[in-house]
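Colleague: pasted the sequence and its predicted model underneath.
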Amino acid sequence: MKKKLLFILVLLAPLTCSYGQSKRGGGLNIFSLQQDIELGKKVSAEIDSKPQEYPQLPETGRDGKNEQAYAYLRGIVDRILNSGKVTYRKEFPWRVKIIHDDKTLNAFCVPGGYIYVYTGLIKFLDTEDQLAGVLGHEIAHADKRHSTRSMTKQYGQQMLVDVVLGRNQGALTQLAQGLLSLNYSREHEREADQFSVDYLCGTPYRSDGAAGFFQKMLEGQPGGRTPAFLSTHPNPQNRVQAITAKAKADGCNLNNFAAARYAYFKGLMP
Ligand SMILES: [Zn+2]
């Protein structure tokens, strides 16, 4: 009996660390860092298994255009990751994929740093700074572990204990499947916006790049395309103001970086 209790306490030890850590980031998180990575891996495999729903642009092909497109995109992601502000820069795998779907104006990031960007969004934006702003926002969702925090709140710690202790591998797969339809709370959206500014402030990009994206969303989409990003990311008006206010208050760069290059990147899209 005593032995069993000790065993449970040992298992709970990493959870206690996770609690302490999550208090600093806002919202409890019962999951371990390793489980964020594991969940992300599962979701990423789920996405890979649905090429009709998520038609990924191959990393090679079209006479090298795909390689160039990925090199460009990875360049942006790396500048953000190397800003010195990303907490799990080294721990998470940080992958980026392009989804070939011009009708969808969206980008998303699953736990562990698997980032997905739609060609619809790339073509819709005008500058690399705007794309960097959106990527910063998505990277923040992963880095601040918003998905596992949301799941901790939604499903309750009691129900998740088995999953977290690794006693129910099937449940983890189920959680991974539900994760793609999980919406972030307003608080997490606000936090991701703020960290987008924070991350970009440590790069050559204009730190309010995300505001440029929301501004464009407000101005409307050509051809009445559905802005998928807005259904999961509400309230653009207030967000433009909050992003710009933080960038100014922090004294970050507000000039566009390498504005001319973005046309080259768009030209590489299929
Ligand atoms: Zn978001």
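Modeller: On my side now, so go ahead.

Colleague: where does pLDDT dip in the chain?
Modeller: Counting by pLDDT under 70, the chain shows low-confidence ranges at 1-26, 221-234.

Colleague: hey, where'd the strands end up in it?
Modeller: Along the chain, counting by DSSP state E, strands occupy 95-99, 107-110, 114-118.

Colleague: now the first one: buried residues?
Modeller: Buried residues in strand 95-99, counting neighbours by 16 or more other Cβ atoms under 10 Å, are found at Arg95, Val96, Lys97, Ile98, Ile99. The C-beta positions use only the backbone N, C-alpha and C, and glycine is treated the same way.

Colleague: now those as JSON lines including distance to Ala258?
Modeller: Output for the buried residues of strand 95-99, formatted as JSON lines (distance: Cβ to Cβ, whole Å):
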{"residue": "Arg95", "distance to Ala258": "23"}
{"residue": "Val96", "distance to Ala258": "18"}
{"residue": "Lys97", "distance to Ala258": "23"}
{"residue": "Ile98", "distance to Ala258": "19"}
{"residue": "Ile99", "distance to Ala258": "24"}
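
Colleague: quick one: which two of the residues you listed are the most distant?
Modeller: Arg95 and Ile99 (13.0 Å; Cβ to Cβ).

Colleague: indicate which one of the strands of the chain is closest to Ala259.
Modeller: For the strands of the chain, the distance to Ala259 is smallest for strand 114-118, at 19.2 Å, taking Cβ to Cβ.

Colleague: if we can go back for a sec, out of the strands of the chain, nearest to the ion?
Modeller: Among the strands of the chain, strand 107-110 comes nearest to the ion, with 7.9 Å by Cβ to the ion.

Colleague: hmm, back to that, from the buried residues of strand 95-99, pick the one nearest Arg167.
Modeller: Nearest to Arg167 among those: Arg95, at 28.6 Å, using Cβ to Cβ.

Colleague: the closest one - nearest residue in space that isn't next to it in sequence?
Modeller: Tyr114 (5.1 Å; Cβ to Cβ, 6 or more residues apart in numbering).

Colleague: in the sheet, who's paired with the one you found?
Modeller: Under DSSP bridges, the beta-bridge partners of Tyr114 are Arg95, Val110.

Colleague: going forward, count from 667.
Modeller: Yep, numbering from 667; the last one is Tyr780 now.

Colleague: which residues are in contact with it?
Modeller: Tyr780 makes contacts with Gly706, Lys707, Val709, Ser710, Ile713, Pro759, Arg761, Lys763, Ala808, as judged by Cβ atoms under 8 Å, 6 or more residues apart in numbering.

Colleague: how about Lys819: what's its closest non-neighbour residue?
Modeller: Counting by Cβ to Cβ, 6+ apart, Lys819 lies nearest to Gly693, which is 6.6 Å off, once chain neighbours are set aside.

Colleague: and that neighbour, how far from Gln820?
Modeller: To Gln820, Gly693 is 11 Å away according to Cβ to Cβ, to the nearest Å.

Colleague: who's more crowded, the two?
Modeller: Gly693 (18 against 12; other Cβ atoms under 10 Å).

Colleague: measure the more buried one to Ala837 for me?
Modeller: From Gly693 over to Ala837 the distance is 21 Å, taken as Cβ to Cβ.

Colleague: report the buried residues of stretch 831-849.
Modeller: Leu838, Thr839, Leu841, Ala842, Leu845.

Colleague: give me every residue that touches the spatially most central residue of the chain.
Modeller: Nearest to the mean C-alpha position of the chain, by Cα atoms, centre = their mean, lies Glu804 at 2.7 Å. By Cβ under 8 Å, 6+ apart, the residues touching Glu804 are Ala773, Phe774, Cys775, Ile781, Ala858.

Colleague: mind doing that once more with 6 Å?
Modeller: Shown in contact with Glu804 (Cβ atoms under 6 Å, 6 or more residues apart in numbering): Ala773, Cys775, Ile781.

Colleague: what about these, which one has the most neighbours?
Modeller: Cys775 (25 neighbours).
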